[in-house]
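In: What shape does this take:
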Amino acid sequence: MEWTDHAIVLGARHFGEGKLVAEVFSREHGRYGGVVHAGRKNQPILQAGNVVHCGWKARLSEQLGFFHPLELAEPHATKLLDDATALAGLSSAVALIRGAAAERQAYRQLYDALMVLIEAMPDSEIWPALYTRFELGLLAALGYGLDLTRCAVTGENQGLAWVSPRTGRAATYDAGAPHADVLLKLPAFLVDTQAELQPGDVADAFALAGHFLERRVFDHKGEGMPEARRRLIERLGFAGRL
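Out: Residues are numbered from 1 along each chain as shown. I've put the predicted structure just below:
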């Protein structure tokens, strides 16, 4: 059993003497772990967010296997070393993939979305809002996508401003206003790519995605939301970028 692909590094941990278990997320094969040597050559490569060209091999498909070759294709993590907030964003995105995506299952659209996010992270004005879109994309990839196309009450597709925390369906401002105290806010930029980002929109988008990630994904797994996500929101708040 073997494959070769480009992949995004998710992290690595020690595995016996002189070895690591690396975890990657590839477009065609999904989340995979494999053994690599813990040498000076591999440690810089295995920074979360880097893109690698790797081959995975095992005698049997159910075995842990090992990575060879493992070559750095794009050092995204290195490019963000001077931006602690962007590194926090990268850590949070990786933690969500590790915690939510099933092993050895391809999520091609999610891989593409993560690549777009990582490549945008040097631009501090763009990536926080893009990050929240990534979280909604993660929900969709896992089968828990929200219906933000039309109002659940009137059927209209304009003026959407709320989301039901129970059904994940959108509502227009007028239809949802009487129930505003129990509905989640829907920032315009999530349904209209031309909408101008308003103060508080990113915070509302985090609240929206976080509600469904917690209840539909992590609660079902018996786990809490990744701590890396909380740290990211805290950093963005301190920086005035929510």
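In: Helices along this protein, start to end?
Out: Ranges of helices in the chain, per DSSP state H, are 42-45, 76-79, 84-100, 108-120, 127-141, 173-176, 201-212, 227-238.
In: Distance of residue 13 relative to residue 58?
Out: 18 Å (CB to CB, to the nearest Å). All C-beta spots, glycine's among them, are computed from the backbone N, C-alpha and C.
In: These two - which one has more neighbours?
Out: Just comparing residue 13 and residue 58: by other CB atoms under 10 Å the higher neighbour count belongs to residue 58, 15 against 10.
In: What backbone torsions are found at the residue lying closest to that one once chain neighbours are set aside?
Out: Nearest residue to residue 58 in three dimensions, chain neighbours excluded: residue 65, at 3.2 Å (CB to CB, 6 or more residues apart in numbering). Here is the backbone geometry of residue 65 (degrees, to the nearest 10): phi 80, psi -180.
In: hmm, back to that, and residue 167, which of the helices of the chain is closest to it?
Out: Of all the helices of the chain, it is helix 201-212 that lies closest to residue 167, at 10.5 Å by CB to CB.
In: Please point out which parts of stretch 215-235 sit buried.
Out: Applying a neighbour-count criterion of 16 or more other CB atoms under 10 Å, one finds 216-218, 225-226, 228-229, 232-233, 235 buried in stretch 215-235.
In: For that stretch, measure first residue to last.
Out: Taking CA to CA, to the nearest Å as the measure, stretch 215-235 stretches 24 Å from start to finish.
In: I'd like the average pLDDT over it.
Out: Mean pLDDT, computed over stretch 215-235, is 93.
In: number of nearby residues for residue 105?
Out: 10.
In: Spit out the contact partners of it.
Out: 30-31 (CB atoms under 8 Å, 6 or more residues apart in numbering).
In: worst-scoring helix or strand of the chain, pLDDT-wise?
Out: Using mean pLDDT, DSSP states H and E, the weakest-scoring helix or strand in the chain turns out to be helix 42-45, at a mean of 88.
In: Return the set of buried residues in it.
Out: Here helix 42-45 shows 42, 45 as buried, counting by 16+ other CB under 10 Å.
In: for stretch 59-72, same thing?
Out: The neighbour-count check on stretch 59-72 (16+ other CB under 10 Å) flags 65-68, 70, 72 as buried.
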